[in-house]
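Novice: Any chance you can model this:
(chains A and B)
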Amino acid sequence: MSLFIAIASLLGTIAIFYICKMFYKKYKKEWLTPMLITPFVIIVILLLTGIPYKSYNTGANVLTNLLGPATVAFAVPIYKNVNLLKKHAFEIFVSIAVGSAVAIVSSFIMALIVGLNDELVHSLVPRSVTTPIAMDISNMIGGSPTLTAVFVMTTGILGSLLAPIVIKVCRFHRPSSRGLMLGMGAHGTGTSKAFEFGELEGTFASLAMIVAALISIVLSTTIFPVFEHLVINILLP
Amino acid sequence: MKIVKSIVQIGYLYILLFIGNTIARLLHLPIPGSIIGLVLLFLLLQLHIIKLEWIELGAALLLSELLLFFIPSAIGVVDYHALFGVQGMKVVLVIVVSAIVVMLVTGYTAQWLEQRKKGDTV
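Specialist: Got it, this is the predicted structure:
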């Protein structure tokens, strides 16, 4: 029975995803993105059938596992566009360093303002980074890695939904600024959104995602503890 | 035939991932093996040790279906009942505001740096 659930979970997830993708291509509405509808449909099915997430995940886990080689595969668009990236190295580094700092500080401050508990606050701080790294950071600064994984996903979904609006309102017309904000703001999902705009956008986004991951490890383990201490003990005694 | 080729090539990417994981473990690096694998593959392509056509199809397949691989983790939210109420709405609010601020700041910084550079060369 559990083997049946595992296989059905894997094949079902793939089938629902492709059906959602077809709908998305046909109607071209942002809120129809498979990123939003697929999890929603599957969650409803799990709740209705009473299948626990653990049993679902024994099969669906195969897909999560593919994130590993997929991350390695990002080397290909980077390699193909290496000259372009060399030319823009300075902008990439500076804008992602600024973006990473803003991501950490704004998540922390906002989480304090709305009054979340300590575990949630620390699980939210690394939310702008790709999942495996975010989970490591969460562990290092006292958050819960599983909660962080959920927040990273939520960031990816909401970020890719909000990005086209931000791009329109701010008139970000350059592939570099579009790609960098997508990779920084919505990591992996932002990067695949960026590839919908074009290969150049996607390349900048992949690079942003990688640089953001590396910079965030450094920022959240060195500067963040000092910042947190200052805010909690001095500004809010 | 193309699909078989793609699957074999994904196997090569798994080998690079495995090497990345091993390096991370042996050197106790706080960096995930996948990122080390990425850097490794990039270097091997640059040095022409790995040819692009050996992995290009597999990489393209994985990157075009990337969203699918995130779905099972997103569904993990069902186990956090506390997040379905007010707490969850607060979390969403934090993420929405912070994501918009991050994208605005990153996008404007990149655009400003580009324009400044253009101004310098003219």
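Novice: contacting residues around the spatially closest residue to residue A:110 that is not a sequence neighbour?
Specialist: Computed as Cβ to Cβ, 6 or more residues apart in numbering or on different chains, the closest residue to residue A:110 that is not its neighbour in sequence is residue B:94, at 4.3 Å. To be clear about C-beta, it is placed using only N, CA and C from the backbone, and glycine gets the same treatment. Residue B:94 sits next to A:107, A:110, A:111, A:114, A:116, A:124 when contact means Cβ atoms under 8 Å, 6 or more residues apart in numbering or on different chains.
Novice: Which two among the residues you listed are spaced furthest apart?
Specialist: Maximum pairwise distance among the contacts of residue B:94 (Cβ to Cβ): 11.1 Å, between A:107 and A:114.
Novice: higher neighbour count, those two?
Specialist: residue A:107 (27 against 16; other Cβ atoms under 10 Å in any protein chain shown).
Novice: what mean pLDDT would you report for whichever helix or strand that one is part of?
Specialist: Using DSSP states H and E, residue A:107 maps to helix A:89-113. For helix A:89-113, mean pLDDT rounds to 94.
Novice: Could you look up the next helix or strand downstream of that helix?
Specialist: Taking DSSP H and E, what comes next after helix A:89-113 is helix A:118-124.
Novice: right, and the helix or strand after that following helix?
Specialist: helix A:131-141.
Novice: Low-confidence stretches in chain A?
Specialist: Where chain A drops to pLDDT under 70, the residues are A:1, A:236-237.
Novice: What residue spans form the domains of chain A?
Specialist: A:2-65, A:73-235 (automatic domain parsing).
Novice: Tell me the spacing between the closest residue to residue A:194 other than its chain neighbours and residue B:66.
Specialist: Leaving out its chain neighbours, the residue that sits closest to residue A:194 by Cβ to Cβ, 6+ apart is residue A:205, at 3.5 Å. Computed as Cβ to Cβ, to the nearest Å, the residue A:205 to residue B:66 distance reads 11 Å.
Novice: shared neighbours, these two?
Specialist: Common neighbours of residue A:205 and residue B:66 (Cβ under 8 Å, 6+ apart) are residue A:191.
Novice: Buried residues, stretch A:214-223. List them.
Specialist: A:214, A:215, A:216, A:217, A:219, A:220 (16 or more other Cβ atoms under 10 Å in any protein chain shown).
Novice: quick one on the thing from earlier: tell me the angle the helix holding residue A:107 makes with helix A:131-141.
Specialist: Relative orientation of helix A:89-113 and helix A:131-141, computed by axes from the mean of the first three to the mean of the last three Cα atoms, to 10 degrees: 50 degrees.
Novice: mind listing what's buried in helix A:89-113?
Specialist: Applying 16+ other Cβ under 10 Å to helix A:89-113 flags A:91-92, A:95-108, A:110-112 as buried.
Novice: Equivalent analysis for stretch A:60-70, please.
Specialist: A:60, A:62, A:63, A:64, A:66, A:67, A:68, A:69, A:70.
Novice: So that stretch, near chain B or not?
Specialist: Yes - counting by Cβ under 8 Å from any Cβ of the partner chain, chain B is contacted by stretch A:60-70 at A:60, A:61, A:63, A:64, A:66, A:67, A:68, A:69, A:70.
Novice: In TSV, list those along with secondary structure.
Specialist: Shown next, in TSV, are the residues of stretch A:60-70 next to chain B (DSSP: H, G, I helix; E, B strand; the rest coil):
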residue	secondary structure
A:60	helix
A:61	helix
A:63	helix
A:64	helix
A:66	coil
A:67	helix
A:68	helix
A:69	helix
A:70	helix
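Novice: got a list of what the residue sitting nearest the centre point of chain B touches?
Specialist: In chain B, the C-alpha nearest the mean C-alpha coordinate belongs to residue B:35, at 8.3 Å (Cα atoms, centre = their mean). Contacts for residue B:35 (Cβ under 8 Å, 6+ apart) come out as A:71, A:133, A:210, A:213, A:214, B:20.
Novice: Hmm, residue B:37 and the first one touching each other?
Specialist: Yes - distance between residue A:71 and residue B:37: 7.1 Å, which falls inside the contact criterion (Cβ atoms under 8 Å).
Novice: Stretch A:6-24: how far from the chain's middle?
Specialist: 21 Å (Cα atoms, centre = their mean, to the nearest Å).
Novice: Return the angle between stretch directions for the top helix by length along chain B and helix A:89-113.
Specialist: Counting by DSSP state H, the longest helix found in chain B is helix B:86-121. Orientation check (the same axes, to 10 degrees): helix B:86-121 against helix A:89-113 gives 150 degrees.
Novice: Confidence-wise, which helix or strand of chain B is lowest on average?
Specialist: Of all helical and strand segments in chain B, the minimum by mean pLDDT, DSSP states H and E falls on helix B:66-75, at a mean of 85.
Novice: what helices or strands is that helix leaning on?
Specialist: helix A:2-27, helix A:34-49, helix A:53-65, helix A:67-73, helix A:145-170, helix A:175-197 (3 or more Cβ pairs under 8 Å, 6 or more residues apart in numbering or on different chains; DSSP states H and E).
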